[in-house]
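Peer 1: structure, please.
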Amino acid sequence: MCLSLTDDQGVILKQWAGGAPIMKTLEGLDVVAGFSVDEATVGTSSGSSLISRKPTLVRGPEHFAPQFSDLTSAGNAVVHPITRQLLGSLNLTCSVDDSSPLALSWVQEIVADIEATLLESATVSERLLLAQFLRENRDARHPVVAVNARTVMANASATRLLGAVDQAMLWDHAKTTFADRTRSVSVMSLDGGVRIQVERSFVTGPTSDEGVVLRLSRLHEPARRPDLATVSLPGLSGNGHTWNRMRHELARATDSSILLYGDPGTGKASVARCIAGRDAAAFDGDDASPEWLEHIAGSANEGRALVLLHLDRIPNQWRLRLASILTTTAVRVVATSGRPPASGALGDHLQVCFPDVIAVPSLTERPEDLSSIVENLSLRHSRAANPPRWMPDAIQALARVDWPENIRSLNLVVAQVLSKVRHDYVGIGDLPVQIHRRGARRRLSGLERMEADAILQALRDSGDNKKLASEALGIARSTLYRKMRALGIDSAIV
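Peer 2: This is a model prediction of the structure:
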């Protein structure tokens, strides 16, 4: 018989054989180090334990692939006792004639020994975090999450409450708590507008802080009062707390001229056009000239609402004349600026023309709206009537990325992905290589980033064929697997 140890993707890392005949048989079936034995590769086998995380015994003809019908395999997944992360599996393979009911029990005993050793070797930090998590999790009905720099634990209630974007938000929230301890309770909004209260308790070790345990509870929002009305913004997505607060401010300024300011790509122009209406005349401050000013005055005299984009870019010599036009007109004006008025970007003359100044939030301030924004952008770019559905792993990867130009940057990525995807869903494997690198959990060095990009591109070019990818890179296949593990590259995302 032969004992094989795999990683979490089913790739065989090492084997221990009880004789040459069994190894010769396995070599003929490509069941050797460097090859995958997961269910997606060979069908039903003991490698199925990687999916079920349960002990699995498959005898002879029970194998999905007929070439394995002369073998019996017993397998069990190896799970980290602290993080509950799937690490790999242990599989015992023998001739079907040598099958024994004790094979599976033996594999389970070895896996139990491995997990016990992992527990013994766990850091003091992980043990303290686990102990605190178990104390807080006595009542499993309440969502509990424990996190430190290396580990995340969550009970079933937390898993049901939190979506992919919510998890990314919560992890970021937890990291900030180490630096800011002024509040033990805070409130945050989840994807879809659900608000939760987060109670924090810190795990303190002998020398330093070992982590934080977050106890979550859903807040039941009171019925909306009439004064919390919001304006409708057709074609724009968002129902999070920050976005709704802006809509509430817009509703309070229904009749006055408004200045919208915010970072590039936040959607200021789209909001301005929604507020001003379809018949509004739009003018860009980059085109400022005497003729430009005459066209603005003419539109105002016709009674048309005005949309003035990039107001902060208008040269100084035209600002006084524009202010004179705006102060003598009775039409509504909605303007945008990349900088707040407090910065002096508009000057004194233009600033007084806008009694209401409202900030348009950046994408970073709207993490709970990311999923709906991506879906809305997909409707614009998809050629099909029903655009592909974005999977949680893809949304979570997008949530970990900084978007320098906000929705504008995100829109380019969505368009790029949808131009290439050929199925009815978008998974993490469909995202561009640079998104994987920028959204990586571990910050890579400059050389590591270059290496990760090269490996990802080689895997993608070869259709995830490790043999072809390693040849293209000029390295051994075993080296490729080692580098993928070191750089945190998951072949499932290729």
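Peer 1: please state the offset of stretch 368-378 from the chain centre?
Peer 2: In terms of C-alpha atoms, centre = their mean, to the nearest Å, the centre of stretch 368-378 is found 12 Å from the chain centre.
Peer 1: avg pLDDT for it?
Peer 2: Mean per-residue pLDDT for stretch 368-378: 89.
Peer 1: what are the buried residues along that stretch?
Peer 2: Residues of stretch 368-378 classed as buried by neighbour count (16 or more other C-beta atoms under 10 Å): 368, 369, 370, 371, 372, 373, 374, 376, 377, 378. Bear in mind the C-beta positions are built from the backbone N, C-alpha and C, glycine included.
Peer 1: same deal with stretch 473-480?
Peer 2: For stretch 473-480, the neighbour count (16+ other C-beta under 10 Å) marks 473, 477, 480 as buried.
Peer 1: end-to-end on it?
Peer 2: Chord length of stretch 473-480, first to last residue, is 9 Å (C-alpha to C-alpha, to the nearest Å).
Peer 1: so what touches that stretch?
Peer 2: If you take C-beta atoms under 8 Å, 6 or more residues apart in numbering as the criterion, stretch 473-480 is touched by 33, 34, 454, 455, 458, 466, 467, 469, 470, 483.
Peer 1: so which helix or strand takes in the fifth one?
Peer 2: To tie it back to what came earlier, the one meant is residue 458. Counting by DSSP states H and E, the element that carries residue 458 is helix 446-461.
Peer 1: which strands and helices sit next to that helix?
Peer 2: With contacts defined as 3 or more C-beta pairs under 8 Å, 6 or more residues apart in numbering; DSSP states H and E, helix 446-461 has these neighbours: helix 433-438, helix 466-473, helix 477-487.
Peer 1: report the rounded mean pLDDT for the first one.
Peer 2: The average pLDDT for helix 433-438 rounds to 70.
Peer 1: what residues sit buried inside the longest helix seen in the chain?
Peer 2: For the chain, the helix with the greatest residue count under DSSP state H is helix 102-121. Across helix 102-121, burial judged by 16+ other C-beta under 10 Å covers 103, 104, 106, 107, 110, 111, 114, 115, 118.
Peer 1: count of residues packed around residue 415?
Peer 2: By other C-beta atoms under 10 Å, the residues close to residue 415 number 14.
Peer 1: how near is it to residue 432?
Peer 2: 11 Å (C-beta to C-beta, to the nearest Å).
Peer 1: for residue 412, same thing?
Peer 2: 10 Å.
Peer 1: then residue 290?
Peer 2: 45 Å.
Peer 1: now residue 301
Peer 2: Taken as C-beta to C-beta, the span from residue 301 to residue 432 is 49 Å.
Peer 1: these two: which is more packed in?
Peer 2: Just comparing residue 301 and residue 432: by other C-beta under 10 Å the higher neighbour count belongs to residue 432, 15 against 12.
Peer 1: thought that one was touching residue 413?
Peer 2: Yes: counting by C-beta atoms under 8 Å, residue 432 does reach residue 413; the two are 6.6 Å apart.
Peer 1: who's in contact with residue 489?
Peer 2: Each residue near residue 489 by C-beta under 8 Å, 6+ apart is listed here: 436, 452, 455, 456, 459, 483.
Peer 1: got a winner among the residues you listed for most neighbours?
Peer 2: In the contacts of residue 489, the most neighbours by other C-beta under 10 Å go to residue 459, 25 neighbours.
Peer 1: do I have it right that that one meets residue 467?
Peer 2: No: here residue 459 does not reach residue 467: they are 11.2 Å apart, not a contact under C-beta under 8 Å.
Peer 1: from the centroid of this protein, which residue is nearest?
Peer 2: Nearest residue to the geometric centre of the chain (C-alpha atoms, centre = their mean): residue 396, 1.5 Å.
Peer 1: could you list the low-pLDDT ranges of the stretch 351-494 of the chain?
Peer 2: For the stretch 351-494 of the chain, residues meeting the criterion pLDDT under 70 lie at 436-446, 478, 482, 485-486, 488, 490-494.
Peer 1: show me the chain divided up by domain.
Peer 2: Here the domain parsing of the chain from automatic domain parsing is 2-121, 124-218, 226-361, 365-493.
Peer 1: which of these has the lowest average pLDDT?
Peer 2: Looking at those, the weakest mean confidence is domain 124-218, a mean of 75.
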